[in-house]
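[1] let me see the structure of the following:
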Amino acid sequence: MDYSALTLKIVTLLKEIISVLSENPEHKYHDKYIDYKQDITKIIAYNESAYLDFLDFENDHEDARLEGRLEIWVLLGLEMNNEKALLLEKKVDFLSQLGQNIEQLTINNKIENFQKDDSNYNLTNSIIVLYDFSALSKLALEHALVFAKIFRSCIHIVHIIEQSQDRVSAEKQVIDLVLDTKKRFNQQICIESIVAYGHIFKSITEIANNSKARMVIMATHGVTGLQHFTGSWALKVIVGSVIPFLVIQEKPISEQIRNILFPIDSRIETMGKLNLALDIAKYIKGITFKLCMPEVFKNEIGRNVAEEYKIRIMEEFSKNNISYELELELNTDNIVDAILNRSKKKDVDLILITASKNLNMQDFVLGTNEQRIIENSQKIPVLCINA
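    Sure thing, here's the model as predicted:
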């Protein structure tokens, strides 16, 4: 029997009861409410962690993450005890019809959108992974494990679902993924999960922008099918974010990042990458930045500006004792061609680029420079920040 709907009713009613009793401890249905809470603790008594999550939810019943976790425990408890499930269902119906001051909530009025107030999720310094259970998103998680070790960060798996999807089942699926991943690493890893209703482009951007995460990792299939007419969906998400995005196409080649390709040209976006590069170097000892620059420029002004940027970048790297190498790409005045040609040497682990937010539909239809780099044929991960 599927207890998903009953689970939502149970936890929704519990949430309202906690709210009412906090405001009015002497409520006329106080005893019935206390009995109801005890019935729930009996349902989840099979697991100590479940009871601790119940207590946490009781202390902070507005926390959507705690609510989701409690729903999972209740669902599992109901599935293990059909008799108690039937009794609890009757009690839920009875309490819902008492006519007390509890405002009846429906499933559609549950917390369905990520709160713009990021107090629900502590994402400071975390690695966010956009996860949809596809083969590519599993590879994105593998990259997250690499970077979480480098930056000593917690991983937050973010799974965006549509309004028509069952949140409880989605929560259970993601929590199973979290538990399996922890088991792989003997629990020596910090990894949490977030399930949110919404549209992929809007929701992940809101989550990223309202967090203090270190980066978001996502996988891309490149330009395929109808996406050829609307542009890479990966780039759509990136240009709306203030958080760096790492876009991957295949599994990590190594657990270490040794060489990063740092393109230099005459655009002001070139300098936008410097602070991120300096920050990365603090965590990765012995890293080398491969400075890539076209040999020729379309005009003398462009050459002079790029030369100025090159000098400033090299000075900063030298001042911070960061290793770098400068290479000129022959026979091209296009920085994208220079990057793609340079990447064919297969001696870099990451490409660092900036993306302009001033992109329009024509850019997405015809393709952008950023898009070409993200979809590089060598499938090198691309770390992208906005200018």
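[2] residue 57 against residue 67, yeah?
    Yes. Assessed by Cβ atoms under 8 Å, residue 57 is found in contact with residue 67 at 6.4 Å. Backbone N, C-alpha and C define where each C-beta goes, glycine included.
[3] where do the strands sit along this protein?
    127-130, 155-161, 191-197, 215-219, 245-248, 259-263, 288-294, 323-329, 350-355, 382-386 (DSSP state E).
[4] looking at those, spot the one closest to residue 15.
    Closest to residue 15 of the strands of the chain is strand 191-197 (Cβ to Cβ; 16.9 Å).
[5] and the closest one with strand 155-161, angle?
    Angle, strand 191-197 to strand 155-161, by axes from the mean of the first three to the mean of the last three Cα atoms, to 10 degrees: 20 degrees.
[6] which residues touch strand 191-197?
    Strand 191-197 has contacts (Cβ atoms under 8 Å, 6 or more residues apart in numbering) with 65, 68, 112-114, 121, 148, 154-163, 165, 167, 170-171, 174-175, 177-178, 181-182, 203, 207.
[7] can I get the CA coordinates of it in PDB?
    Extracted in PDB, the C-alpha atoms of strand 191-197 (Å, rounded to 0.1, in the frame of the first residue of the first chain):
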ATOM      1  CA  ILE A 191      26.900  15.300   2.400                       C
ATOM      2  CA  GLU A 192      23.300  16.600   2.600                       C
ATOM      3  CA  SER A 193      20.300  16.800   0.300                       C
ATOM      4  CA  ILE A 194      17.800  19.400  -0.800                       C
ATOM      5  CA  VAL A 195      14.600  18.600  -2.700                       C
ATOM      6  CA  ALA A 196      12.700  21.600  -4.000                       C
ATOM      7  CA  TYR A 197       9.800  22.200  -6.300                       C
END
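[8] what average pLDDT does that strand get?
    Mean per-residue pLDDT for strand 191-197: 86.
[9] ranking helices and strands of this structure by mean pLDDT, which lands last?
    Scoring the helices and strands of the chain by mean pLDDT, DSSP states H and E places helix 227-230 at the bottom, with a mean of 32.
[10] show the contacting residues for the spatially most central residue of the chain.
    Centroid-nearest residue in the chain: residue 128, 3.0 Å away (criterion: Cα atoms, centre = their mean). Counting by Cβ under 8 Å, 6+ apart, residue 128 touches 156, 158, 204, 207, 208, 211, 213, 215, 216, 217, 243.
[11] rerun at 7 Å
    156, 158, 207, 208, 213, 216 (Cβ atoms under 7 Å, 6 or more residues apart in numbering).
[12] try residue 158
    So residue 158 contacts 128, 129, 130, 131, 194, 204, 207 (Cβ under 7 Å, 6+ apart).
[13] without its sequence neighbours, what residue ends up closest to residue 377?
    Distances taken as Cβ to Cβ, 6 or more residues apart in numbering place residue 340 nearest to residue 377, at 7.6 Å, with adjacent residues excluded.
[14] just to revisit the earlier point, using ChimeraX, define a selection of the buried residues within the contacts of residue 158.
    Selection command for ChimeraX covering only the buried members of the contacts of residue 158, criterion 16 or more other Cβ atoms under 10 Å:
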select :128,129,130,131,194,204,207
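[15] which of the contacts of residue 158 sit farthest apart?
    For the contacts of residue 158, the maximum inter-member distance is 12.3 Å, found between 131 and 207 (Cβ to Cβ).
[16] could you report the pLDDT at the residue nearest to the centre of the chain?
    Note for residue 128: predicted pLDDT of 93.
[17] and residue 155, by the same measure?
    Reported pLDDT for residue 155: 93.
[18] what does residue 226 give?
    Per-residue confidence for residue 226 comes out at a pLDDT of 32.
[19] could you do residue 269 as well?
    pLDDT for residue 269: 82.
[20] also residue 31?
    Each residue has a pLDDT score; the one for residue 31 is 73.
[21] next: the one 5 residues further on.
    In this model, residue 36 is scored at 79, pLDDT.
[22] mind listing what the closest residue to residue 262 other than its chain neighbours touches?
    Nearest residue to residue 262, sequence neighbours excluded (Cβ to Cβ, 6+ apart): residue 289, at 4.6 Å. Applying Cβ under 7 Å, 6+ apart to residue 289 gives the contacts 260, 262, 277, 317, 322, 324.
[23] swap in residue 91?
    Applying Cβ under 7 Å, 6+ apart to residue 91 gives the contacts 36, 39.
[24] in JSON lines: the contacts of residue 128, plus distance to residue 52.
    Listed next are the contacts of residue 128 as JSON lines, based on distance: Cβ to Cβ, whole Å:
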{"residue": "156", "distance to residue 52": "20"}
{"residue": "158", "distance to residue 52": "24"}
{"residue": "207", "distance to residue 52": "26"}
{"residue": "208", "distance to residue 52": "30"}
{"residue": "213", "distance to residue 52": "26"}
{"residue": "216", "distance to residue 52": "30"}
